[in-house]
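Q: Need a 3D model of the following:
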Amino acid sequence: MIKGHGDDAYHFERPMVANFSSNVYSHVDMEPLKEHLRQRLDSVGHYPEPEPYTLERALAGRLGIHAASVCVTNGATEAIYLTAHAFQDRHSTILAPTFSEYADACRLYAHYTPLEKPAKRSEMPDQVLHDVLWLCNPNNPTGGVIPKEQLVKAIEENPETMFVIDQSYGFFTKEELLTAAEAVRYPNVIQLHSMTKRYALPGLRLGYVTANPTLIERIRAVRMPWSVNALAIEAGLYLCEHPETGPIDLEALLAETQRLRKALNAIPGLTAEPTQTHFFLCHLQKGRAADLKRWLAKKHGILIRDASNFEGLDAGHFRIAAQTSEENDLLTAAVQQYPEEHR
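A: Numbering: from 1, shown residues only. This next block holds a predicted model:
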């Protein structure tokens with residue numbers, strides 16, 4: 001596991017007043033779910049289901065697929081490691097820059113092959129000649145989305161390649177994505193999902209895998225019993241029944257994201273890169289993102305994500321996830337004060 005993920009305010013003594021460092025929109029009203037969980041606290045006195053069948057059935061009903069095509073996991077991260085474990089007899093290739101846990105999981109099971117040319121744009125590689133190809137769509141940290149028609153074409157033309165598609169941020173884009181109901185028809189597609197990004201509950205650890213039943217059976221075979229705790233299962237069931245919980249105006253959030261990008265791009269020595277979701281990469285022409293991060297945290301109580309440890313990026317890259325307009329203005333004003341010789 002690499003050091004230096006987002007949401008690491010614990011490294012600083014000063015409280016953070018604005019957090020742009022994780023790809024979570026933190027202003028979501030989750031009080032209805034929290035109240036529901038308060039009424040279910042007694043469930044922690046009993047073992048949860050060894051395998052969360054009840055939640056898998058509920059999710060399948062929401063997605064319009066069979067329960068045999070769903071495997072609930074302890075966050076999308078467990079889904080990544082289970083998939084890497086299940087396919088340890090094959091070689092994996094990863095489109096970089098992207099979430100580091102794909103590479104970490106594949107290294108753990110000794111089947112990681114880095115892609116020679118990092119895919120910084122929202123496109124498939126020219127040739128798909130891989131045993132297992134890992135994609136993040138929308139991609140973390142770039143915010144790019146591979147067009148659905150490109151992805152379907154690659155899947156259909158390369159039946160020997162297993163496509164592992166992480167759609168944890170699928171809610172946060174208006175671009176058309178491959179649905180779970182469409183994906184389960186293919187024998188070479190595994191989709192990874194998060195239930196906590198949309199609802200700003202990353203501490204709950206709840207995700208799931210969708211694929212055809214044969215692939216899901218292979219993944220379930222390496223899942224530990226009781227990996228999903230009782231409260232997470234309760235939360236998942238509640239959200240299946242109340243998907244409107246914690247409403248987010250996505251149109252407004254994406255518009256605010258572009259406003260923030262425009263404001264940051266107006267600062268000399270800084271580039272805010274294009275995105276198709278609510279987070280994006282920035283780049284300092286001079287200096288290090290790590291220094292900017294430390295300066296913002298200590299001087300302004302603002303947290304960003306130093307992205308220099310993403311494979312394919314350099315010391316000047318950092319990532320921003322848009323928040324409220326007031327917080328975004330705080331960030332812009334603070335970065336404007338950062339000494340020009342460092343940007």
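Q: alpha carbons only for contacts and neighbour counts from here, please
A: Noted.
Q: how about the strands in this structure?
A: 18-19, 70-73, 92-94, 112-114, 132-136, 162-166, 189-194, 207-211, 270-272, 279-284, 302-303, 305-306, 317-321 (DSSP state E).
Q: Mean neighbour count, those: which tops it?
A: Mean neighbour count (mean count of other Cα atoms under 10 Å) peaks for strand 70-73 among the strands of the chain, with a mean of 30.
Q: where does the stretch 1-150 of the chain dip in pLDDT?
A: 1-12, 113-129 (pLDDT under 70).
Q: Let me know whether residue 110 touches residue 87 as I believe.
A: No: counting by Cα atoms under 8 Å, residue 110 does not reach residue 87; the two are 10.3 Å apart.
Q: Which of the two has more residues huddled nearby?
A: Ranked by neighbour count (other Cα atoms under 10 Å), residue 110 and residue 87 place residue 87 first, with 20 against 17.
Q: if I look at that one, how far off is residue 176?
A: 28 Å (Cα to Cα, to the nearest Å).
Q: same question, residue 26
A: Taken as Cα to Cα, the span from residue 26 to residue 176 is 24 Å.
Q: More neighbours: which of these two?
A: Counted by other Cα under 10 Å, residue 26 and residue 176 do not tie: residue 26 has more neighbours, with 19 against 12.
Q: Show me the domain layout of the protein.
A: Domains of the chain are assigned by automatic domain parsing as 9-28+248-342, 31-241.
Q: confidence score at residue 278?
A: Residue 278 carries a pLDDT value of 98.
Q: One more: residue 339?
A: At residue 339, pLDDT is 86.
Q: ok, it to residue 314 distance?
A: Distance from residue 339 to residue 314, by Cα to Cα: 20 Å.
Q: So between these two, which is more surrounded?
A: For residue 339 versus residue 314, the count of surrounding residues by other Cα under 10 Å is larger for residue 314: 15 against 9.
Q: the longest helix in the chain is where?
A: helix 250-265 (DSSP state H).
Q: Can you measure across stretch 154-173, start residue to end residue?
A: Using Cα to Cα, the two ends of stretch 154-173 sit 21 Å apart.
Q: Report the distance from it to the chain centre.
A: 14 Å (Cα atoms, centre = their mean, to the nearest Å).
Q: Could you measure from residue 72 over to residue 165?
A: Residue 72 is 16 Å from residue 165, by Cα to Cα.
Q: With residue 91 instead?
A: 16 Å.
Q: again with residue 24
A: For residue 24, the distance to residue 165 - Cα to Cα - is 19 Å.
Q: just residue 155 next, same as before
A: From residue 155 to residue 165 the distance is 11 Å (Cα to Cα).
Q: again with residue 35
A: 33 Å.
Q: again with residue 36
A: 32 Å.
Q: what's the answer for residue 140, then?
A: Counting by Cα to Cα - residue 140 and residue 165 are separated by 12 Å.
Q: And residue 240, by the same measure?
A: Residue 240 is 22 Å from residue 165, by Cα to Cα.
Q: Repeat that for residue 158.
A: On the measure of Cα to Cα, residue 158 and residue 165 end up 15 Å apart.
Q: same thing with residue 238?
A: On the measure of Cα to Cα, residue 238 and residue 165 end up 26 Å apart.
Q: can you check residue 64 too?
A: From residue 64 to residue 165 the distance is 19 Å (Cα to Cα).
Q: can you check residue 138 too?
A: 10 Å.
Q: where do the helices sit along the stretch 201-343 of the chain?
A: With DSSP state H, counting those that start in this stretch as the criterion, the stretch 201-343 of the chain has helices at 213-220, 230-241, 250-265, 289-300, 325-337.
Q: Out of those, flag the one nearest residue 147.
A: Checking the helices of the stretch 201-343 of the chain against residue 147 by Cα to Cα gives helix 250-265 as the closest, at 18.1 Å.
Q: List every C-alpha atom in that closest one, with coordinates, as PDB.
A: C-alpha atoms of helix 250-265 as PDB (Å, rounded to 0.1, in the frame of the first residue of the first chain):
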ATOM      1  CA  LEU A 250     -25.200  16.800  -9.900                       C
ATOM      2  CA  GLU A 251     -25.700  19.500 -12.500                       C
ATOM      3  CA  ALA A 252     -24.900  22.200 -10.000                       C
ATOM      4  CA  LEU A 253     -21.900  20.300  -8.700                       C
ATOM      5  CA  LEU A 254     -20.400  19.700 -12.100                       C
ATOM      6  CA  ALA A 255     -21.000  23.400 -13.000                       C
ATOM      7  CA  GLU A 256     -19.300  24.500  -9.800                       C
ATOM      8  CA  THR A 257     -16.400  22.100 -10.700                       C
ATOM      9  CA  GLN A 258     -15.900  23.900 -14.000                       C
ATOM     10  CA  ARG A 259     -16.100  27.300 -12.300                       C
ATOM     11  CA  LEU A 260     -13.400  26.200  -9.900                       C
ATOM     12  CA  ARG A 261     -11.200  24.900 -12.700                       C
ATOM     13  CA  LYS A 262     -11.600  28.200 -14.600                       C
ATOM     14  CA  ALA A 263     -10.600  30.200 -11.400                       C
ATOM     15  CA  LEU A 264      -7.500  28.000 -10.700                       C
ATOM     16  CA  ASN A 265      -6.500  28.200 -14.400                       C
END
